Structures are given as C-alpha cells and as structure tokens.
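# predicted model and sequence follow; I will ask about them next.
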Amino acid sequence: MRLILDGLAGVRTGRTLFSDLSLVLETGEALLVTGPNGSGKSTLLRIVAGLLAPAAGEARLENAGPEFPSLGSASHFLGDGNALKSGQTVMQSLEFWSRFQGRPGLSIDDALARVQLPTVGELPVEALSKGMRRRIAIARLLVTDLPIWLLDEPTSGLDTAAVARFEELIAERRRTGGIVIVASHHDLRMGSMKMLDLDQRMEPAGSLEEQTT
Ligand SMILES: Nc1ncnc2c1ncn2[C@@H]1O[C@H](COP(=O)(O)OP(=O)(O)OP(=O)(O)O)[C@@H](O)[C@H]1O
C-alpha cells in the first residue's frame, strides 16, 4: 500500500498555505506534520481524508486492493473535536462509529480496555473529562479496522501515561500494515518517521526529512 501526495496545494480564504507538496508513504511508515498555528496542518489532514478539496494536485492510495477503492475509504480521521454526540452513552457512540465505518475492529469492550477506560461504557459522553473524551475518540480508531490513521493533535488533553499508550497503538497500527499521519505541536515517539514542517513549506521544497526518536 502506498499513500501518495502529488503536487498538493492547500488554500484557505484565498491564502495559499502550502503548494507543490509531494511525498510518498509506504505501508508501515509515519509522517509527523509540524508548523505554527494556522500553518495548515489541519487543512492538509482534511484534504488527505477527502473532507476538503485541494486547490491543486491530489492525494491518492495505490496498491491497497479492491477493499479500499479510494483513500477516503481506507482512512480514519481523528480531528480536533472527538465526534462524540451529546446525549449518547460511550457505548452507543462507539457502536455507531463501528457500524458507520464498517470493517469492525476490536470489540467495544476490548477497545475501552486498550484506552484504560473499561468501566465507562454506560456513561453519557458529556460526563467524561476532556482527556477521557480524547481516549474514547482513540477507542473509536480501534473499533474499526482501517489502515490509514490521520490524526490531528491526537494527544491533546492526554496525561503522560495515556500518551505512552497511544504511541504504542500507533506503533501497532504501523506494524499491522497501516500508515499514520500525525499533525502535532508535541513530540511523539513514533520511532522512525518522516517529518514535514509546514512553516518551511512556505520556502521552496526540501523540508521533508527523516528522523528516528
Ligand atoms: N473552516 C475554515 N474556513 C476558513 N478558513 C479556515 C477554516 N479553518 C481554518 N482556516 C484557516 O486556514 C488556515 C490554516 O488553518 P489550519 O487549521 O489548517 O492550521 P493549523 O496549522 O492546523 O493550526 P493550529 O496549529 O492552530 O491547529 C488559518 O489561517 C485558518 O484561519
């Protein structure tokens, strides 16, 4: 499987945030996107997820097999909201996402155990703390088996132990045939990863480098 960004440009309200962005991520690879507030990290992730149209170029998936006819069909997007509906219990919310996205992954009980919240299933989502809601959003990644994770500030609100567990989940997704793109201001230990600094993208080319943490 290969995720390709090919000459991608992102424009918001007439302002070009990045342009001529090309890179390839193979199965198992990860990309960390950095840059100051407003540099276009979320915009890039939304374009890759198919939620926003690029101003130029395209994001596409190759060699993913017939089960994933498009990049969007293979992608799980974790945005800055948690996509948890008020008035629903944690269980109802995870059941909805598991059904809606198809391709069931872990059971809800197992997913809640992986984010160390095994007993909150019957609680309404608004009864959870900010960090707990983020952990439920991470559980949402687990109840559906999609190979590409697009994560916007995924560790926002997480305590140190939860960040470490999430880093392990990312590593697992990569080991089991996934590709992960993370936009973050924070250092995440993801082992070998590609780096993209959108601040430097305002200069011509050459800002993509590889690093190991
Ligand atoms: N829904 C929107 N409509 C119009 N402009 C938007 C919208 N969302 C973001 N923008 C603009 O696009 C630019 C890039 O925003 P984006 O959210 O992609 O940046 P970011 O790098 O993710 O920022 P942050 O670090 O603050 O999350 C900003 O100038 C922002 O004002």
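Looks like it came in fine.
# how about the helices in this structure?
For the chain, applying DSSP state H gives helices covering 41-49, 71-74, 90-101, 108-114, 130-142, 160-175.
# dump the residue contacts of residue 31.
By Cβ atoms under 8 Å, 6 or more residues apart in numbering, the residues touching residue 31 are 23, 25, 180, 181, 182, 193, 194, 195, 196. Where you see a C-beta, it was placed from the backbone N, CA and C, and this is true even at glycine.
# equivalent analysis for residue 35, please.
By Cβ under 8 Å, 6+ apart, the contact set of residue 35 is 41, 197, 198, 199, 201.
# dump the contacts of residue 31 to a markdown table, plus neighbour count and pLDDT.
Converted to a markdown table, the contacts of residue 31 look like this (neighbours: other Cβ atoms under 10 Å; pLDDT from 0 to 100):
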| residue | neighbour count | pLDDT |
| --- | --- | --- |
| 23 | 14 | 96 |
| 25 | 19 | 98 |
| 180 | 26 | 98 |
| 181 | 27 | 98 |
| 182 | 24 | 97 |
| 193 | 22 | 94 |
| 194 | 18 | 95 |
| 195 | 14 | 94 |
| 196 | 23 | 95 |
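# got a markdown table for the residues you listed, with distance to residue 59 too?
Below are the contacts of residue 31 laid out as a markdown table (distance: Cβ to Cβ, whole Å):
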| residue | distance to residue 59 |
| --- | --- |
| 23 | 10 |
| 25 | 10 |
| 180 | 15 |
| 181 | 10 |
| 182 | 16 |
| 193 | 18 |
| 194 | 15 |
| 195 | 18 |
| 196 | 13 |
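# before we move on, back to that, I'd like to know which of the contacts of residue 35 is nearest to the ligand.
residue 41 (3.6 Å; Cβ to the nearest ligand atom).
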